[in-house]
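Q: I need the structure of the sequence given here:
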Amino acid sequence: MRVPRAGARMKPVRPLGLFSSLKLELATIIVTATAIAFAMCWFLLKFGWSGWIAMPLTLVVALSFTYYFSRGLTAPLRQMRDAAEAMAEGDYSVRVDLDSTRHDEVGQLARSFNEMAEELEHADQMRRDMVANVSHELRTPVSALQAMVENMADGVVEPTPANMESILNQTRRLSDLIAFLLDLSRMEAGAASLNIERFDVGEFLDETVEPLEIADAGHAHDIRMRVDGDIMMEGDQDRLRQLFTNIIANALKHSADGTTVLVEAREDETHGTVVVNVINFGSQIPVSDRSDIFRRFVKGKTGPGTESGGTGLGLSIARWAAQLHGGTVKVVDDARGADFEITLPKYHISE
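A: Numbering: from 1, shown residues only. Here you go, the predicted structure:
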């Protein structure tokens, strides 16, 4: 069952659009119907009609008037009933056809219903995208592993250190994807405990960057650190390491070989925050894409029409880790290149 979109059906008459309350509209209809019934009855009796004829005729006219005009008031309720039945069958594209000038309780309910339908449609699309993306991301390393192991079992290739390293890389990719999915499930459930401790930001960033530099071997990226003095803050180092690892790894992924990625950290004493900027020189992110890149399973572009690869979860998890600490991650304008600005409170406030 599918409910027609806006404009696909004739709208019931609703002449009382000046009222912003359903009670006033119903009261007006009832008072008007009563007045019509009284006037009609008086008129018929005055001209000699029998009361046994005048009264039923008057009631029919009054009820017809009430029914005709009340249909316009309750039309969105009927549409919501039909739309709810369609949504129960999996069609989330249905909407309630609503007059934009209607501001009574039914109008407000219909607008809320349409907003809910849009959210459900978006969530359903995200679910479909997630299944498709996860299936693809799992199939690629599993297929590669299967092919390499089968070739070794058949004696086609030798278990050389290079081949074993290739297998290890695929298993690491699978492990990373599983870790991302576990983080995603925690993010969806809102379940994430924080182990708060005080630490030095400069030392923490050094420890975070070191394994990234090792993993980046062969691309000749130069990760430069600029920390403005000794900065101490409170937070969960494991969660924050996820945050900075994903942001810096994203910068390395979108930087040409042999280029520089700059990590700048400073303290904003006015607002009691620590601000870290991760900049990869040369590339820029269009303003229209800056909010979308933090959505789950949205992948960046390494070139025109070319996706960067990966899971499309890294930046989403980075934003989640920042929000757990009451902080933010956003892309800011910077003539030097793509600039991800992470703002975190220096001191953790327990809820």
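Q: for the helix or strand containing Ala147, the distance to its chain's centre please.
A: In this assignment (DSSP states H and E), Ala147 forms part of helix 105-153. Centroid separation for helix 105-153 versus its chain: 13 Å, with C-alpha atoms, centre = their mean, to the nearest Å.
Q: Val263 belongs to a strand, doesn't it?
A: Yes: under DSSP: H, G, I helix; E, B strand; the rest coil, Val263 falls within a strand.
Q: other SSEs contacting the helix holding Ala147?
A: Contacts defined by 3 or more C-beta pairs under 8 Å, 6 or more residues apart in numbering; DSSP states H and E place helix 105-153 against helix 51-88, helix 161-189. From N, CA and C alone the C-beta is placed, and that goes for glycine too.
Q: If we use 10 Å, what do you get?
A: helix 22-46, helix 51-88, helix 161-189 (3 or more C-beta pairs under 10 Å, 6 or more residues apart in numbering; DSSP states H and E).
Q: Mean neighbour count for these - can I get that in a markdown table?
A: Below are those laid out as a markdown table (neighbours: other C-beta atoms under 10 Å):
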| stretch | mean neighbour count |
| --- | --- |
| helix 22-46 | 15 |
| helix 51-88 | 16 |
| helix 161-189 | 14 |
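Q: Any chance of the ones you listed in JSON lines with distance to Ile223 and mean pLDDT as columns?
A: Listed next are the helices and strands packed on helix 105-153 as JSON lines, based on distance: least, C-beta to C-beta, whole Å; pLDDT from 0 to 100:
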{"stretch": "helix 22-46", "distance to Ile223": "63", "mean pLDDT": "79"}
{"stretch": "helix 51-88", "distance to Ile223": "49", "mean pLDDT": "81"}
{"stretch": "helix 161-189", "distance to Ile223": "20", "mean pLDDT": "76"}
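Q: Switch those helices over to TSV; also include distance to Val331.
A: Shown next, in TSV, are those (distance: least, C-beta to C-beta, whole Å):
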stretch	distance to Val331
helix 22-46	46
helix 51-88	35
helix 161-189	20
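Q: closest to Ala251 out of those helices?
A: Nearest to Ala251 among the helices and strands packed on helix 105-153 is helix 161-189; the distance by C-beta to C-beta comes to 17.3 Å.
Q: tell me what the helix or strand that that closest one is followed by is packed against?
A: Per DSSP H and E, the first helix or strand lying C-terminal to helix 161-189 is strand 197-200. Judged by 3+ C-beta pairs under 10 Å, 6+ apart, strand 197-200 is in contact with strand 232-235, helix 237-253.
Q: Could you rerun that using 8 Å?
A: Under the contact definition 3+ C-beta pairs under 8 Å, 6+ apart, strand 197-200 sits against strand 232-235.
Q: if I look at Ile349, how far off is Leu194?
A: Per C-beta to C-beta, to the nearest Å, Ile349 is found 11 Å from Leu194.
Q: who's more crowded, the two?
A: Set Ile349 next to Leu194 and count neighbours by other C-beta atoms under 10 Å: Leu194 wins out with 16 against 8.
Q: I figured that one was touching Leu324, is that so?
A: Yes: taking contacts as C-beta atoms under 8 Å, Leu194 lies within contact range of Leu324: 6.3 Å.
Q: Report the buried residues of stretch 336-351.
A: 337-346, 348 (16 or more other C-beta atoms under 10 Å).
Q: now the strands for the stretch 251-351 of the chain?
A: 260-268, 273-281, 301-303, 306-307, 328-332, 337-345 (DSSP state E, counting those that start in this stretch).
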